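Q: Mind looking at a prediction? Sequence and model below.
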Amino acid sequence: MISLKGFITRFLSDPVAIVAGTVLLFLVLMAIFAPFLAPQNPYDLMQLDIMDSEMPPSWRVGGDERFPLGTDAQGRGVLSTIMYGTGISLLIGVGAVIVQGVLGVTLGLVAGYRGGWIDAFLMRLADIQMSLSTLMIAIIVLALFQAAFDANTYADYAIFMLIVIIGVAEWPKFARTVRSSVLGEKNKEYVDAARVIGLPPRRIMWKHILPNTLTPVLVISTIQVAEAIMTEAALSFLGLGMPTDRPSLGSLIRSGFEFIFSGSWWITLYPAIVLVMLILALNLLGDWLRDVLNPKLRRGDD
Amino acid sequence: MHILAFLLRRSVQAVIVMFVISLIGFSIQDNLGDPLRELVGQSVSEEERDLMREEMGLNDPFFVQYFRFLGNAVQGDLGTSYFFKRPALDVIMDKFPATFELVLGAVFIFLSLSIPAGIYCAIHRDSWITRFIMSASIVGISVPVFLTAIGMVWLFGVELGWLPAFGRGDTVELPWGWETGLLTWEGLSHLILPSVTLSSIMLPLFIRLIRAEMMETMSTDYVRFAKAKGLSTSRVRYVHAFRNTLLPVVTVGGLMIGTLIAYTILTETVFQWPGMGFLFLEAVNRVDTPLIIAYIIVVGLIFVVVNTLVDFLYTLINPMVKLPGAKS
């Protein structure tokens, strides 16, 4: 395991990591402090004025300085909706990965440590689920959910549903990673020692083996958040995710798409840029983490 | 384990998966919407409704209804679309050629680009082209497919006006009823933007995969041995190393079919491509239950068939394959 100091040194010597980390930090802070920083509150219907709709960014003819990046068809400031929307995208992304992690780590630990038919069953299930594709499962489940409930009920539970569906559909990635680390750990001496002094299997799994399998979990978590955000954006773009009155970045792009041809490109372009920056920053950090934490690829400098 | 036993086992597994999908399809039909209301509207009295319900067998036990559903499904009867007033399977099959040609175009593009690019990046590890391709591929992975689609429509369809960005153009009907867009320039020109978009999301993944696999095979003993034996570099690379690179690529390609179908829904939505995915989203908005179920079953069938075929193919081309369940 790499030391914290070595980790920071590696981080500061890699310009890509610094840029990606800064972008991510900036977007996260922007989303957390959106209620204090955003020029308007896009959820507050009282602040909206239909006369403000489809205004271009403030530096262009017809722009208004209250709306630096212009407004959308409902008169909401694009900058404000992006700040709030980034928060919703991040919330769903991180929430889904927590669900994936809890499910995947538990099942992977049990499969790897117990072995036998439990292992065979769980890994077969994981294979089938992986091959079905998360996006396809999510599209079908959400389509049915939407067809079965009315729009208001749907809007109320959308965040919850998205977190649960993306979370449950992706557990196999964590489970496989943890399982393979467990298989490598469970024959080591410290595990034998713990077993010999009579510790219960549950304690050995959680207190002794688990801490030694967390490095790869950390690496895939970062990339999984990027993937969850991308999946959520795709679902919202199809109209199966977040409703337009509580938009994520994907639903903002969806609502802007129909105005692209009438010349109001800013409604789509700015949320799209933020979405790509967010996913790219997470992917780059994930790749960097993998290079740093994977002992196979580690250079001899720390 | 004998190869035939493996094939049989794999087919049984495919049947089981289809059985589960049909069960899901049926529970949807059972719980979503009321077929009677769709048929007769609101104007019929309560007694007449009960009578019709009895006649249609809607009061039968779950499994009786399920086996009736399954029996009909096996014969190709997946119910009648509420919106089109035609058999749901016919409606889906009318749209199948459009989606198939879209996927064909995309597969053609990403295979013809990712194989040379992947091999190049594996051989010339430190050249600036490799670095460029690898950096571009991580950007490519980070751009959602619907954004690529919107970008394509905006740039080539609207700003430059080079290529049509909506629909499929005129199609030619082949003798067996297949509507193809591949035979006319107009049809092909409509296909370009959607298939480039669809391939753009798979391309980076395949370049990275082929590169990683190729690098791994290049460092194996048998490749080193082939080199040491004095075989020409190109023979070692393309005959010895690349052939073994293909095996994992085939497997991953098969696993990607589900994802690819999901991406067709996104691509078809942006380009208003009249395929199955576009139809499915319309069916969801109209709560056209029979059509939703028919789509799920058809997609499930495609998925199962492709995965089974890939497994067979893998067994055939890999002499060292260890059949699952075989005791070594």
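A: Great, that's in hand. Since the structure is predicted, the reported quantities are computational estimates derived from the model, not experimental observations.
Q: List the contacts of residue B:137.
A: By CB atoms under 8 Å, 6 or more residues apart in numbering or on different chains, the contact set of residue B:137 is B:203-204, B:207-208. For every residue, glycine as well, the C-beta is placed using N, CA and C.
Q: Point me to the residue of the stretch 201-328 of chain B nearest chain A.
A: The stretch 201-328 of chain B approaches chain A most closely through residue B:258 (3.1 Å), counting by CB to the nearest CB.
Q: Need the single longest helix in the chain, by residues.
A: Unless you meant another one, I'm taking chain A. helix A:78-114 (DSSP state H).
Q: that's the other chain; I wanted chain B
A: Criterion DSSP H: the longest helix present in chain B is helix B:88-123.
Q: For that one, which residues meet the burial criterion?
A: B:88-89, B:91-103, B:105-107, B:109-111, B:114-115, B:117-123 (16 or more other CB atoms under 10 Å in any protein chain shown).
Q: tell me which strands and helices that helix is in contact with?
A: With contacts taken as 3 or more CB pairs under 8 Å, 6 or more residues apart in numbering or on different chains; DSSP states H and E, helix B:88-123 sits against helix B:128-142, strand B:179-180, helix B:185-218, helix B:242-255, helix B:257-271, helix B:276-285, helix B:289-317.
Q: Need the pLDDT of residue 227.
A: No chain was given, so I picked chain A. With respect to pLDDT, residue A:227 has a value of 92.
Q: oops, chain B please
A: pLDDT at residue B:227 comes out at 81.
Q: And the helices in chain A?
A: A:4-12, A:15-32, A:34-37, A:78-114, A:116-132, A:134-148, A:151-169, A:171-185, A:189-196, A:201-203, A:214-237, A:249-257, A:266-293.
Q: Can you point out the buried residues in the shortest one?
A: The reference is to helix A:201-203. Within helix A:201-203, judged by 16+ other CB under 10 Å, no residue is buried.
Q: average pLDDT across that helix?
A: 83.
Q: near chain B, which residues of the stretch 1-150 of chain A?
A: Within the stretch 1-150 of chain A, the positions adjacent to chain B are A:128, A:130-133, A:135-136, A:139-140, A:143-144, A:146-148 by CB under 8 Å from any CB of the partner chain.
Q: In TSV, list those along with distance to residue B:159, neighbour count and pLDDT.
A: Below are those laid out as TSV (distance: CB to CB, whole Å; neighbours: other CB atoms under 10 Å in any protein chain shown; pLDDT from 0 to 100):
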residue	distance to residue B:159	neighbour count	pLDDT
A:128	44	14	78
A:130	40	18	78
A:131	39	20	75
A:132	38	21	78
A:133	33	21	82
A:135	29	24	88
A:136	33	22	87
A:139	31	25	89
A:140	36	23	87
A:143	33	24	85
A:144	39	20	84
A:146	34	20	80
A:147	37	19	77
A:148	41	15	78
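Q: Now the closest residue to chain B within chain A. Nearest residue, chain neighbours left out?
A: Nearest to chain B, among the residues of chain A, is residue A:133, at 3.1 Å (CB to the nearest CB). Sequence neighbours aside, residue B:258 is the residue nearest to residue A:133 in space, at 3.1 Å (criterion: CB to CB, 6 or more residues apart in numbering or on different chains).
Q: burial measure for the one you found, as a count.
A: Residues near residue B:258, counting by other CB atoms under 10 Å in any protein chain shown, number 23.
Q: quick one: contacts for it?
A: A:131-133, A:136, B:303.
Q: Those: which two are farthest apart?
A: Greatest spatial distance among the contacts of residue B:258 (CB to CB): A:131 and A:136, at 10.1 Å.
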